[in-house]
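*Asks:* Sequence first, then the predicted structure, then my questions.
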Amino acid sequence: AQTVTQSQPEMSVQEAETVTLSCTYDTSESDYYLFWYKQPPSRQMILVIRQEAYKQQNATENRFSVNFQKAAKSFSLKISDSQLGDAAMYFCAYPTEKLVFGKGTKLTVNP
Amino acid sequence: GAVVSQHPSRVICKSGTSVKIECRSLDFQATTMFWYRQFPKQSLMLMATSNEGSKATYEQGVEKDKFLINHASLTLSTLTVTSAHPEDSSFYICSAGRGSNQPQHFGDGTRLSIL
């Protein structure tokens, strides 16, 4: 069964700085997707970025990018130029017939 | 705009009351929807998979008689918390997707408080 591990329960970053959130996963599949979701205090679940495993190029969405290391089964999220609005819980997720979530990382952005 | 609508967003009611939560996919048909429960500072816990036209698939440890799921159409799934008690107080959130391996779109969630 697929598993997703986020080893950082909490992280903090200074406004305008860069932070990287880690995620590792386990799967026997060769072709799959991976997602990062953001859950701000409003508790909405917002898709931040997605990566397709067969694409070697790392996905990028504005200030958000991933470092996808397929062999290492690592899928970290980098947030550049951090903003106060980036403060949230971040969940790494692996889709199968359902979504498998990591336990989440709480990101605090300090002004 | 939102592609999944969840209603109500907040419910406060007395112990013993049954509470119905609706989840609608607004611009696509969803043969499968998902219901999650989230405790404070924790990840989403999948409760059940709602299947259009058939019985829901419940995760281990989730009482199907307590949490009734109906998926009567391709755009609507409902979760009914029957005879709710204070321990059922939680944040419930639904999701739907356009297919396997596609991102799930989430409703805004329902905060349920049982007095």
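*Replies:* All right, it came through fine.
*Asks:* near chain A, which residues of chain B?
*Replies:* B:34, B:38, B:41-44, B:46, B:49, B:91, B:93, B:95, B:97, B:100-106, B:108-109, B:111 (C-beta under 8 Å from any C-beta of the partner chain). Where C-beta positions appear, they are placed from N, C-alpha and C, glycine not excepted.
*Asks:* how would you label A:G85: helix, strand or coil?
*Replies:* Recorded secondary structure, A:G85: helix (DSSP: H, G, I helix; E, B strand; the rest coil).
*Asks:* and the residue of chain A nearest chain B?
*Replies:* Proximity to chain B, evaluated over chain A using C-beta to the nearest C-beta, is greatest for A:M45 at 3.7 Å.
*Asks:* does that residue really touch A:W36, like I thought?
*Replies:* No: A:M45 is not in contact with A:W36 according to C-beta atoms under 8 Å; the separation is 11.1 Å.
*Asks:* what's the overlap in contacts for those two?
*Replies:* A:F91 (C-beta atoms under 8 Å, 6 or more residues apart in numbering or on different chains).
*Asks:* Near the residue of chain A closest to chain B, how many other residues are there?
*Replies:* Neighbour count for A:M45, taken as other C-beta atoms under 10 Å in any protein chain shown: 26.
*Asks:* same check, this time on A:V4
*Replies:* 22.
*Asks:* Over to the one 5 residues further on?
*Replies:* For A:P9, the count of nearby residues is 10 (other C-beta under 10 Å).
*Asks:* Check B:T78 too.
*Replies:* 18.
*Asks:* who touches A:S80 in this structure?
*Replies:* So A:S80 contacts A:T18, A:R63, A:F64, A:S65 (C-beta under 8 Å, 6+ apart).
*Asks:* if we go to 6 Å?
*Replies:* Shown in contact with A:S80 (C-beta atoms under 6 Å, 6 or more residues apart in numbering or on different chains): A:T18, A:R63.
*Asks:* Now it, what are its backbone angles?
*Replies:* phi -100, psi 150 (degrees, to the nearest 10).
*Asks:* A:A71 now?
*Replies:* According to degrees, to the nearest 10, A:A71 has phi -60, psi -40.
*Asks:* burial count for the residue nearest to A:K106 when sequence neighbours are not counted?
*Replies:* Nearest residue to A:K106, sequence neighbours excluded (C-beta to C-beta, 6 or more residues apart in numbering or on different chains): A:E10, at 4.7 Å. For A:E10, the neighbour count with other C-beta under 10 Å is 11.
*Asks:* Wait, A:E10 touches A:G104, no?
*Replies:* No: A:E10 is beyond contact range of A:G104, at 9.6 Å (criterion: C-beta atoms under 6 Å).
*Asks:* Flag every buried residue along stretch B:8-26.
*Replies:* For stretch B:8-26, the neighbour count (16 or more other C-beta atoms under 10 Å in any protein chain shown) marks B:V11, B:V19, B:I21, B:E22, B:C23, B:R24, B:S25 as buried.
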